[in-house]
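Visitor: Okay, here's the prediction I keep looking at, along with the sequence it came from:
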Amino acid sequence: MVVPRPVRIEPSDASPFVLGSAARISVAGTGADAIARLLSRYVASEAGRELAVVDEPPAFGDIAIVIAPGEGPHDDGSDSDEGYTLEVAAEGVRIGAATPAGAFWGVQTLRQLLPAADTGDLLTVEAVRVHDHPRYAYRGAMLDVARHYFTPDEVRRFIDAIALLKVNHLHLHLTDDQGWRLQIESWPELTRIGGSTGSDGSRGGFYTQDEFREIVAYAAARHITVVPEIDMPGHTNAALASYPELNADGVAPPLYTGAQVGFSTLRTGDPTTQRFVRDVVREVAGLTPGPYLHIGGDECLSTTEADFAAFLTDAAQVIVANGKIPVGWQELGKVEGMPAGTIGQYWDFTTPRGNSAELALAFVRGGGAVILSPSNAAYLDIVYEDGDPIGLDWTGTPTTLGASYVWDPARVIPGLGEAHILGVEAPLWTETVATIDEVEDMVFPRLAAIAEIGWSPAPSDTEPVESARDLEEFAERVSRLSEHWDAAGTRYRRVPEVPWPERVGS
Ligand code: TNX
């Protein structure tokens, strides 16, 4: 009963494990200590038990975390970067991995196997053997902090919730028409003016560079890489309102709190704008230990094709010069001459329309790969059902849990095979999503579907995807997962497909 479904999970006939009051976490190998402390914290907050972390061999009833070459699964003979093995029996629990990331994901599986706190059960786990590793290297969630601002604590709460699902990238959409949320020291008005409001005139806010570093470090400790996005040259009204010299007519527009897209553009080809791009990219790259810097590039309806191409090739080269890999929305596929290896993020439907498949394939021809975020399946801001007060409905059909679960990345774009897919990402745009409770309500349980698509083995390709993905079986596991969401205080939508457990007292 684990989400995402592990590669192999086999019940064994050993007696169950009972987490006794004397249980400790025994660690071996570099990095095991930090993972053990996180596990101890999870058990303390969900089950009210403190577990001591000891650097000595496990005794009966202990949980062992072992990180060493050769540990974890190796189906193809080599160590898996994020894989782990988990053995549960009366003698104890053992998590083995070749890397700290693998051990951390093993801990998430163990968390899900332990009963959630408020079920009132003994902390007993049936004996099992798990052998597990991800299908894709990139499993992402995106939070749009530009339309509505979320505090560093709220972002950390989001990080904790996505970690449970083995999501390993957090894409932060940091800038848009409605707000600029990251302090840039060389252009201070971006946040002073551009960060002062948000969609519907909501509270503004921004992250100082120190706050942003803390968010990145908090994510990194949970093996989540932050992918910062500075959306350019469109979606830039907040920047344009902050600095008149970035505008073609030299006049700063008013701040924008509506929900239209496509009306703003930087003054491309201008030396001041070039200096702006260089300064912003340099500072953002300096705050980013991860490999990616997302440049946006979507919906630039007020930029000519030629200006768009010239601007983005230049900006992408600046990103490369700062040691990062450029990532952009699928529209970048129109641009010839992007740096080799540029990553594209596909956001058309699970059945491509217009030229979107070609745009995606252009990234592969350029030596890059594609992240799939099909908007009719993976966009978490789309309503669950007609008439929902929160969420958008521009994709035409509500995104039920089934719609987010029943598709497969390798079957979206003809010619885009497994090797060209970096992974999947579920974006949450926040034009209509104002609070962190609303964020979670939109994200869960649908992110569980996207996380499983990104982690679990591909369904057999001799079967249509509609029958290869068993929604009912998935919904059973989501139901079980909800006990952990309840214990952790994570909100979720009680969608009709899931046989939710009865709530105590309700
Ligand atoms: C399209 S997808 C956008 C966003 C909106 C979103 C709303 C993409 C790259 N751009 O600006 O917030 O739709 O669903």
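Guide: It's in. As the structure is a computational prediction, the values presented were derived from the model and not from experiment. Residues are numbered from 1 along each chain as shown.
Visitor: Could you list the domains of the chain?
Guide: Domain assignment of the chain by automatic domain parsing yields the ranges 8-132, 138-455.
Visitor: quick one: which of those is nearest residue 469?
Guide: Among those, the nearest to residue 469 by CB to CB is domain 138-455 (4.8 Å). To be clear about C-beta, it is placed using only N, CA and C from the backbone, and glycine gets the same treatment.
Visitor: separation between residue 307 and residue 265?
Guide: 8 Å (CB to CB, to the nearest Å).
Visitor: can you pull up the bridge partners for the most centrally placed residue in the chain?
Guide: Closest to where the C-alpha atoms of the chain average out (CA atoms, centre = their mean) is residue 141, at 2.2 Å. Bridge pairing for residue 141 (DSSP bridges) gives the partners residue 170, residue 426.
Visitor: What of residue 372?
Guide: Bridge pairing for residue 372 (DSSP bridges) gives the partners residue 346, residue 424.
Visitor: Tell me how many other residues crowd it.
Guide: Applying other CB atoms under 10 Å, we find 30 other residues in the vicinity of residue 372.
Visitor: tell me the contacts of it?
Guide: Residue 372 makes contact with 346, 378, 409, 412, 421, 423, 424, 425 under the criterion CB atoms under 8 Å, 6 or more residues apart in numbering.
Visitor: hang on, isn't the last one packed against residue 373?
Guide: Pointing back at residue 425 there. Yes - between residue 425 and residue 373 there is a contact under CB atoms under 8 Å: 4.8 Å.
Visitor: Mutual contacts of the two, please.
Guide: Taking CB under 8 Å, 6+ apart as the criterion, residue 425 and residue 373 both touch 142, 345.
Visitor: just checking, residue 368 touches residue 333?
Guide: No - using CB under 8 Å, residue 368 is not in contact with residue 333, being 9.7 Å away.
Visitor: of these two, who's got more company?
Guide: Shown here are residue 368 and residue 333; by other CB under 10 Å, residue 333 has more neighbours (27 against 23).
Visitor: List phi and psi for the residue nearest to residue 391 when sequence neighbours are not counted.
Guide: What sits nearest to residue 391 in space, not counting adjacent residues and going by CB to CB, 6 or more residues apart in numbering, is residue 383, at 3.8 Å. Backbone dihedrals for residue 383, given as degrees, to the nearest 10, come out at phi -60, psi 150.
Visitor: Can you give me the neighbour number for residue 406?
Guide: Neighbourhood size, residue 406 [other CB under 10 Å]: 22.
Visitor: what do you get for residue 162?
Guide: Neighbours of residue 162 under the rule other CB under 10 Å: 25.
Visitor: which residues sit in contact with it?
Guide: 141, 170, 224, 447, 451.
Visitor: I'd guessed residue 19 sits against residue 113; true?
Guide: No - Residue 19 lies out of contact with residue 113 (CB under 8 Å); the separation is 10.8 Å.
Visitor: shared neighbours of the two, anything?
Guide: By CB under 8 Å, 6+ apart, residue 19 and residue 113 have these common neighbours: residue 125.
Visitor: thinking again about what came up before, same list (the contacts of residue 372) but as a markdown table, adding pLDDT and neighbour count.
Guide: Shown next, in a markdown table, are these (pLDDT from 0 to 100; neighbours: other CB atoms under 10 Å):
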| residue | pLDDT | neighbour count |
| --- | --- | --- |
| 346 | 98 | 29 |
| 378 | 98 | 31 |
| 409 | 98 | 25 |
| 412 | 98 | 23 |
| 421 | 98 | 24 |
| 423 | 98 | 24 |
| 424 | 98 | 30 |
| 425 | 99 | 25 |
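Visitor: which of those lies closest to residue 33?
Guide: Distance to residue 33 across the contacts of residue 372 (CB to CB) is lowest for residue 423, with 29.0 Å.
Visitor: Please give me every residue in contact with the closest one.
Guide: Contacts of residue 423 (CB under 8 Å, 6+ apart): 136, 137, 138, 139, 140, 169, 371, 372, 409, 454.
Visitor: State the number of residues packed around the residue in the stretch 201-350 of the chain positioned nearest to the ligand.
Guide: For the stretch 201-350 of the chain and the ligand, the shortest gap (CB to the nearest ligand atom) falls at residue 298, measuring 3.3 Å. Neighbour count for residue 298, taken as other CB under 10 Å: 18.
Visitor: burial of the residue nearest to it when sequence neighbours are not counted, as a residue count?
Guide: Once flanking residues are discounted, residue 298 sits nearest to residue 329: 3.8 Å by CB to CB, 6+ apart. If you count neighbours by other CB under 10 Å, residue 329 ends up with 23.
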